[in-house]
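K.L.:
I would like the atomic coordinates for the input below:
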Amino acid sequence: MSVVFLGADFHDAPLSLLNHFDVAQDALREELATWSNPVLGAVVVATCNRAEMYVDTEDTQQTLSDLISLIARHLDADESEVAKVFRVLTGGSVTRHLFATASGLESMVLGESEIGGQIKRMLHSAQNYDMVSPRLQRLFQRAHAVSKSVTTHTGVGASGRSLVHTALDRAQRALGQPLQPSALIIGTGAYARVVVQALRKRGVDSIRVYSRSGRGQEFAAQHDVESVEYADLPRVLQSVNWVISASGQSGYALGWEMVRAAVTESSRAAPLLLIDVALSADIDPRVSSLPGCTLITLDQLREDNPAEHRDAIVKADRIVEEAAQLFEETERVRRVDPLITALRSDMESRINQEVSRARGRFSAEQVDEIERVVRRVTRALLHTPTVRARQLAKDGREDEYATALSLLFDLHPEQPVEPTAPSATRDEPTKSPSQPGAR
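P.N.:
Predicted structure coming up:
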């Protein structure tokens, strides 16, 4: 039994694939919820720059093959493409990756704070589909605790250095503080909500939103902002100070000609500062050459990690590594619990049998004393094997303990020891065109 990871992110996956995965996430959960053995549980993590699956399974290779087929069908992609782009992690590598991701250490801007909440919501979504196995529950709960520890004990993320906050900090340095700050948000995805909150913390009351997907009015009503249509953009660009774009769609939301007109053919009183945090540029990069216009891009934001944060990042990495090791040790110890229980149950059964025989030969007082002595001796005898079992489990040698019990006591627990899965950073599992069986 093992948790396996299949995922891709902004480092190595095309934007179109991540977008399709994000759109298909509920459909993926619905189908995964119908799976049974060997899959015991699954959590889908889908954001604008991350597409991941954490699956508790009893058959790693078969499950990976089935997952590749599942993703390929829902993304309308070739299995070979999915297998090439999606990384595979097993064993302790899964734990380290999740803990680091939840702590913001795998994000475009180190320490960004949104991802922890996103992962927590993804766990709740899996719970709604009754897809969370006990091991996955422990894993994700521990990831949340580790992310809080990283925030509390390091400088990473302590000041909310999310992608959005980093962008707005840089914008304020470039623009200064206008007398009547106003902003236009392009997009209504996960980042848009955070942008609204961040702008209001900076005293921006006049906020407009434009959505290429037609969700602008709904978003505006939910967040008390003004929705604008495409025809309104030229007028709006002439009055706002900031534009923050993260629509996540292909093609430019703001073209060069529209922005040029806004900054050169109008009576703007202040410069126009544009922030483009979309993985695929929302704003034509040529606008950076226009007078009275400043463009901050995603690549620039990735470089905005001050040197003084490096020690904090090292400390955060250490917290993640130690927490991952402790979690894996604890899980391995859990795997010997059925063996310890079997040994103790066997001893308990033998004691009860002998006490029953003694009741026909000795007085009640004598039998009680015999029982107390036998149980005291048994507890002492079982102490060392119990401690040793957990020590062996921490070292990944619980199979040796199982073999010893089998040879010495002829014990075969109903719940076998879970095999320790090897750690890997990338694998290309054997792909099968068939659908998962017995589901």
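K.L.:
and the longest helix belonging to the chain, what does it pack onto?
P.N.:
Taking residue count as the measure and DSSP state H as the definition, the longest helix of the chain comes out as helix 310-358. Using 3 or more Cβ pairs under 8 Å, 6 or more residues apart in numbering; DSSP states H and E as the contact criterion, the neighbours of helix 310-358 among helices and strands are helix 92-102, helix 134-153, helix 364-394, helix 398-409. C-betas here are computed from N, CA, C, even on glycine.
K.L.:
List the buried residues in the second one.
P.N.:
Right, helix 134-153. Applying a neighbour-count criterion of 16 or more other Cβ atoms under 10 Å, one finds 135-137, 139-140, 142-144, 146-147, 149-151 buried in helix 134-153.
K.L.:
try the first one
P.N.:
Under the neighbour-count criterion of 16+ other Cβ under 10 Å, helix 92-102 has 92-102 buried.
K.L.:
Just the closest of the residues you listed to residue 387, please.
P.N.:
Distance to residue 387 across those (Cβ to Cβ) is lowest for residue 92, with 23.3 Å.
K.L.:
Setting aside sequence neighbours, what's the nearest residue to the residue most central in space within the chain?
P.N.:
Centroid-nearest residue in the chain: residue 119, 4.6 Å away (criterion: Cα atoms, centre = their mean). Using Cβ to Cβ, 6 or more residues apart in numbering and skipping residues adjacent in sequence, the residue nearest residue 119 is residue 102, 5.1 Å away.
K.L.:
Provide the secondary structure category for residue 7.
P.N.:
For residue 7, the reduced secondary structure class is strand; criterion used: DSSP: H, G, I helix; E, B strand; the rest coil.
K.L.:
what is it paired to in the beta sheet?
P.N.:
Assessed by DSSP bridges, residue 7 has beta-bridge partners residue 52, residue 87.
K.L.:
shouldn't it be in contact with residue 86?
P.N.:
Yes. Look at residue 7 against residue 86 with Cβ atoms under 8 Å: they come within range, at 6.1 Å.
K.L.:
who touches both of the two?
P.N.:
residue 51 (Cβ atoms under 8 Å, 6 or more residues apart in numbering).
K.L.:
residues contacting residue 77?
P.N.:
Applying Cβ under 8 Å, 6+ apart, one finds that residue 77 lies in contact with 17, 20, 71.
K.L.:
most surrounded residue in those residues?
P.N.:
residue 71 (25 neighbours; other Cβ atoms under 10 Å).
K.L.:
Go ahead and report the secondary structure state at that one.
P.N.:
Secondary structure for residue 71, judged by three-state DSSP, is helix.
K.L.:
on that earlier part again, now do the helix or strand hosting the residue nearest to the centre of the chain: everything it contacts.
P.N.:
Counting by DSSP states H and E, the secondary-structure element that holds residue 119 is helix 114-128. Contacts of helix 114-128 from elsewhere in the structure, counted by Cβ under 8 Å, 6+ apart, are 26, 29, 41-47, 50, 98, 101-104, 106-107, 132, 136-137, 140, 143-144, 147-148, 162-164, 190-191, 194.
K.L.:
hmm, back to that, nearest to residue 329 among the buried residues of helix 92-102?
P.N.:
Ranking these by separation from residue 329, with Cβ to Cβ as the measure, puts residue 92 on top at 9.7 Å.
K.L.:
Would you confirm that that closest one contacts residue 325?
P.N.:
Yes. Under the criterion of Cβ under 8 Å, residue 92 lies in contact with residue 325, with a separation of 7.4 Å.
K.L.:
Burial check on residue 182, number of neighbours?
P.N.:
For residue 182, the number of neighbouring residues by other Cβ under 10 Å comes to 17.
K.L.:
Go ahead and confirm it touches residue 244.
P.N.:
No. Proximity of residue 182 to residue 244 does not meet the contact threshold set by Cβ under 8 Å, at 11.8 Å.
K.L.:
now the nearest residue to residue 156 once chain neighbours are set aside, what's its secondary structure?
P.N.:
Among residues not flanking residue 156 along the chain, residue 111 sits closest, at 3.8 Å (Cβ to Cβ, 6+ apart). Secondary structure, three-state DSSP: residue 111 is coil.
K.L.:
How confident was the prediction at residue 111?
P.N.:
If you check residue 111, the pLDDT there is 70.
K.L.:
before we move on, what about the one 5 residues further on?
P.N.:
With respect to pLDDT, residue 116 has a value of 86.
K.L.:
how many neighbours does it have?
P.N.:
The criterion is other Cβ under 10 Å. On that basis, residue 116 has 21 neighbouring residues.
K.L.:
gap between it and residue 143?
P.N.:
8 Å (Cβ to Cβ, to the nearest Å).
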